[in-house]
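Novice: my questions are about this predicted structure, shown below with the sequence.
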Amino acid sequence: MIKNFIKKIVSGGQTGVDRAALDVAIKLNISHGGWCPYGRKAEDGIIPKKYNLRESPRPTSEEIMDPDAIYKKRTELNVRDSDGTMIVAQEPLVGGVLYTLQMVNKYKRPYLIINISEKTNPMDFSIWIIKNNIRKLNIAGPRASQSNNIYEATYQILHQFLNHDLLNKDTHMKNL
C-alpha cells in the first residue's frame, strides 16, 4: 500500500476517541504522537507507554487551581502543533471537547466535526484533508465514560477514513 497522505496522527491519550485514534494509527502503520497530560494521567490510570506521547509541562501555580489544567494544556499543545483537528462526537460538544473547539479557533486551525450518530462519507473527510493539506492530524473527542461506545465507533470510522483511496494515492488531486 502507498503511504497515507496523513503522515502523523496526534491525540492526547485519554480513553475513548483519543485511544481509538492512536490504536488506528498503530494498526495502519501511521506515525502517531502528541502531548498527553503531565503524569500521563487518564481516567483509567496511567497512559500506556506503547503510545508515543510526550508529557505536557507541569501546571503553573496559577493553573493548579483548575482541576482540568493538565488536560487543557495537553489539548492546546496538540491543536497548536497540528495542521488541523478532527473532533469525533455523538452528543453536543461539552467540557474538554468544547475546549478543543476554542483552541482551534484561537490558533486558526482547520477543523472537522464528525457526528458518529449520523452517516459519514469518507470522501468528504478525504477532500477536507487534502484541501487543507493536513499531514499532521489531531483527533479529539469525548472520553469513554462520557459517551457510550465512542471508542468502537471512532475506531471503525477512522479505519475506514484513513484507508480511503483518495488518501492513499501517489498523486493527490490539487483542485478538489
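Specialist: Yep, that arrived. Numbering: from 1, shown residues only.
Novice: which residues in this structure form strands?
Specialist: Taking DSSP state E to define them, one finds strands in the chain at 8-10, 31-33, 35-36, 41-42, 45-46, 54-55, 84-89, 111-115, 136-140.
Novice: check which helices and strands the third one sits against.
Specialist: To tie it back to what came earlier, the one meant is strand 35-36. strand 54-55, helix 69-80 (3 or more C-beta pairs under 8 Å, 6 or more residues apart in numbering; DSSP states H and E). C-beta here means a position set from N, CA and C on the backbone, and glycine is covered the same way.
Novice: most packed of those?
Specialist: Highest mean neighbour count among the helices and strands packed on strand 35-36 (mean count of other C-beta atoms under 10 Å): helix 69-80, with a mean of 22.
Novice: residues in contact with that helix?
Specialist: Outside helix 69-80, the residues that touch it by C-beta atoms under 8 Å, 6 or more residues apart in numbering are 10-14, 34-39, 41, 56-57, 59, 63, 66, 85, 96, 99-100, 103-104, 106-107, 109, 138, 140.
Novice: kindly recompute the last result at 6 Å.
Specialist: Contacting residues not belonging to helix 69-80 are listed as 10, 12, 34-38, 56, 59, 63, 85, 96, 99-100, 103-104, 107, 109, 138 [C-beta atoms under 6 Å, 6 or more residues apart in numbering].
Novice: for stretch 58-67, same thing?
Specialist: Outside stretch 58-67, the residues that touch it by C-beta under 6 Å, 6+ apart are 38, 69-70.
Novice: over to stretch 128-137?
Specialist: 6-9, 82-84, 110, 112, 172, 176.
Novice: list buried residues within those residues.
Specialist: 6, 8-9, 82-84, 110, 112 (16 or more other C-beta atoms under 10 Å).
Novice: just give me the closest of these to residue 126.
Specialist: Residue 126 lies nearest to residue 6 out of the buried ones among the contacts of stretch 128-137, by C-beta to C-beta, at 9.9 Å.
Novice: quick revisit: which of the strands of the chain sits closest to residue 124?
Specialist: Closest among the strands of the chain, using C-beta to C-beta: strand 111-115, at 8.3 Å.
Novice: list the buried residues of the closest one.
Specialist: 111-112, 114.
Novice: give me the neighbour count for residue 53.
Specialist: If you count neighbours by other C-beta atoms under 10 Å, residue 53 ends up with 24.
Novice: same deal with residue 144?
Specialist: By the measure other C-beta under 10 Å, the count of residues near residue 144 is 20.
Novice: could you measure from it over to residue 19?
Specialist: According to C-beta to C-beta, to the nearest Å, residue 144 stands 8 Å off from residue 19.
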